[in-house]
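Participant: please work out how this folds:
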Amino acid sequence: MSEFQIGLSEVLEKIRRSGTNPFNLTYRKEGGLFGKKENVCNRVAVFPAEEKAKRDLSSISHETQQAGKLHLMDEFGQKFDLHICLLVSFNGKTIDHTR
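Facilitator: Below is the predicted model:
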């Protein structure tokens, strides 16, 4: 593996453990263009109350709709979601989606 690549599982683990430490992401947009988000953090680390233990039918439906997304917040406090499958790079390293 190149030192400029990182496995998807490692990226997801780093994001989960990042807390409020910022990181940079590059991703694909609709139409094939690329987007870049700098100094973002894991929203669950900032707002832990958003992660509810409630397990009724509506919460299970919501979890299903949210599957495959990262819940993030930018440096200006704006909440956004990114589909994991559209991630291209993490902190300048190309993401290998096969690992």
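
Participant: contacts only, for Leu12.
Facilitator: Residues near Leu12 by Cβ atoms under 8 Å, 6 or more residues apart in numbering: Ile84. C-betas here are computed from N, CA, C, even on glycine.

Participant: in the helix or strand hosting it, what counts as buried?
Facilitator: Element membership for Leu12, per DSSP states H and E: helix 8-17. Residues of helix 8-17 classed as buried: 8, 11, 15 (neighbour count, 16 or more other Cβ atoms under 10 Å).

Participant: same question for stretch 70-88.
Facilitator: Buried, per 16+ other Cβ under 10 Å, within stretch 70-88: 70-73, 82, 84, 86-87.

Participant: report the longest strand in this protein, please.
Facilitator: strand 34-42 (DSSP state E).

Participant: may I have the helix or strand hosting Leu25 as CSV, with CA atoms only?
Facilitator: Assigned by DSSP H and E, Leu25 belongs to strand 23-28. These are the backbone C-alpha positions of strand 23-28, laid out as CSV (Å, rounded to 0.1, in the frame of the first residue of the first chain):
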residue,chain,number,x,y,z
PHE,A,23,-10.0,16.7,9.5
ASN,A,24,-10.3,17.3,5.8
LEU,A,25,-12.4,15.4,3.2
THR,A,26,-12.7,15.3,-0.5
TYR,A,27,-15.7,13.7,-2.1
ARG,A,28,-17.6,13.3,-5.4
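
Participant: who are the packing partners of it?
Facilitator: The contact analysis (3 or more Cβ pairs under 8 Å, 6 or more residues apart in numbering; DSSP states H and E) places strand 23-28 against strand 34-42, strand 79-83, strand 87-90.

Participant: and the ones you listed as TSV, adding distance to Gly19 and mean pLDDT?
Facilitator: Formatted as TSV, those follow (distance: least, Cβ to Cβ, whole Å; pLDDT from 0 to 100):
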stretch	distance to Gly19	mean pLDDT
strand 34-42	7	94
strand 79-83	17	92
strand 87-90	16	96
